[in-house]
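Enquirer: let's see this in three dimensions:
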Amino acid sequence: MTNPLSFFSAGYFEARDKFLAAAKRRRCELSAHLHPHAKGPNGEDLTIDVATSGPAHAAAGLLLISGTHGVEGYAGSACQIGWLNTESDLTWPPELRVVMIHALNPYGFAWNRRVTEDNVDLNRNFVSHNAPYPANDGYEILKTAIAPKDLEPDTLRQGSELFRDFIKEYGPFTMQEAVSKGQYAHPDGMYFGGTREQWSAGIVKHVVRRELAHCQRVGVVDFHTGLGPYGHGELISEDATGTAAYARAKSWWPDVCSTLSGDSVSAAVMGSIDSCLPDLLPRSEVTVGCLEFGTVSTLQVFDALRADNWLHTRGNPHGADATSIKAQIRAAFYPDQDDWKEMIWARGEIVMTQAVQGLMART
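Expert: Modelled structure (predicted):
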């Protein structure tokens, strides 16, 4: 049995090499989408890679996505690589169409950023860009604390006071929602959803329609990190608890949580990829699960994101502050510890297997 620690990588480029090698061993079909304008920290090319297996016109399809939030790609990539190395026939039924999108946000993965090259949170970008953008009044109140002009102690202290006042008036969950659900007014802020479709968003739409449009049933696992207890993998649905989509998710993953019922570690967000997928496949029965792996405390994650946002919007990504800030954000989303890695693979394998079982139960 392959050691699951070997599925993990030190960075985007190693992860890509491992993914491509594993996909070739599995005899998957491969396609590469070269980023047209973003480059890696040393000018390297960046690519979204897609591996497919199974009949093109299969009744059931499984979509596995890593790196929607770039720096979160370490865990998702490892789960995909591990899945490609799995020998059990039960996890690779010959009649199942499997589609793996590796490093959906390759810029963020390579630079250890959560966002794209345009400072856009890709998981807030799937909104209509031809209509007025949704407002986020809470973000407007907190914007100087969320994305401060500098990281000086006095500035951060003032931000902490603003957060405390907001919590006293509205409560902690409302603050989490205000910070993280998305905003479309501040390009240099955090959780910015963008004012145009990102390149990565266009690629995923193209791949999903091309590879899965003929499937009657599609299951999706979108891998993320940064919320919840260390090593715990929470299955998150964005569907309301009374819907058929949520009922299907619950039958596949009994411990799934809904962002709309308040029992998830994640607040409800705007413009997510998960909410977009059913519209891309109108003739398919789509069941989506976001697998969120816990890392460090919420405060540590926020501090890392805030520092990284400052570095790229007001600081110098190649300057003296870059090394420590990059180490901070990488650790916030990828605890490079053996026990964490083992927990991630064990949970990821279970969740993917449950998705296959759910899909094939209807054949």
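
Enquirer: the lowest-mean-pLDDT helix or strand in the chain: partners in the sheet, and parallel or antiparallel?
Expert: Sorting the helices and strands of the chain by mean pLDDT, DSSP states H and E puts strand 257-258 at the bottom, at a mean of 85. Within its sheet, strand 257-258 is paired with strand 233-237 (parallel), according to DSSP bridges.

Enquirer: quick one: pLDDT of Ser275?
Expert: Among the per-residue scores, Ser275 holds a pLDDT of 88.

Enquirer: same question for Asp89.
Expert: 62.

Enquirer: which regions of the stretch 251-363 of the chain lie under the pLDDT threshold?
Expert: Scanning the stretch 251-363 of the chain for pLDDT under 70 picks out the ranges 260-265, 267, 362-363.

Enquirer: thinking His35 is in contact with Pro106, fair?
Expert: Yes: look at His35 against Pro106 with CB atoms under 8 Å: they come within range, at 6.1 Å. Glycine gets a C-beta too; all of them are placed from N, C-alpha and C.

Enquirer: of the two, who's got more company?
Expert: Pro106 (31 against 20; other CB atoms under 10 Å).

Enquirer: I'd say that one and Ala15 touch.
Expert: No: the pair Pro106 / Ala15 is not scored as a contact, 9.9 Å apart, by CB under 8 Å.

Enquirer: before we move on, back to that, and the next element down the chain from the least confident helix or strand of the chain?
Expert: Next helix or strand after strand 257-258 toward the C-terminus (DSSP states H and E): helix 273-280.

Enquirer: wouldn't Gln198 be in contact with Asp118 here?
Expert: Yes: with contacts counted by CB under 8 Å, Gln198 reaches Asp118, the gap being 6.6 Å.

Enquirer: in the longest strand belonging to the chain, what counts as buried?
Expert: Longest strand in the chain, counting residues (DSSP state E): strand 217-230. Buried positions in strand 217-230, judged by neighbour count with 16 or more other CB atoms under 10 Å: 217-228.

Enquirer: quick one: it to strand 233-237, angle?
Expert: With axes from the mean of the first three to the mean of the last three CA atoms, to 10 degrees defining the directions, strand 217-230 sits at 130 degrees from strand 233-237.

Enquirer: for strand 217-230, packing partners?
Expert: Strand 217-230 sits against strand 60-65, helix 73-84, helix 273-280, strand 285-294, helix 298-313, helix 322-333, helix 338-360, with contacts defined as 3 or more CB pairs under 8 Å, 6 or more residues apart in numbering; DSSP states H and E.

Enquirer: let's see 6 Å
Expert: Strand 217-230 sits against strand 60-65, helix 73-84, strand 285-294, helix 338-360, with contacts defined as 3 or more CB pairs under 6 Å, 6 or more residues apart in numbering; DSSP states H and E.

Enquirer: neighbouring strands - and their directions - for the first one?
Expert: The sheet places strand 60-65 alongside strand 96-102 (parallel), strand 217-230 (parallel), with pairing taken from DSSP bridges.

Enquirer: so which of those gets nearest Gly319?
Expert: Distance to Gly319, taken as CB to CB, is lowest for strand 217-230 among the strands paired with strand 60-65, at 25.1 Å.

Enquirer: for whichever strand or helix holds Asp165, packing partners?
Expert: Assessed by DSSP H and E, Asp165 sits inside helix 153-170. With contacts taken as 3+ CB pairs under 6 Å, 6+ apart, helix 153-170 sits against helix 137-146.
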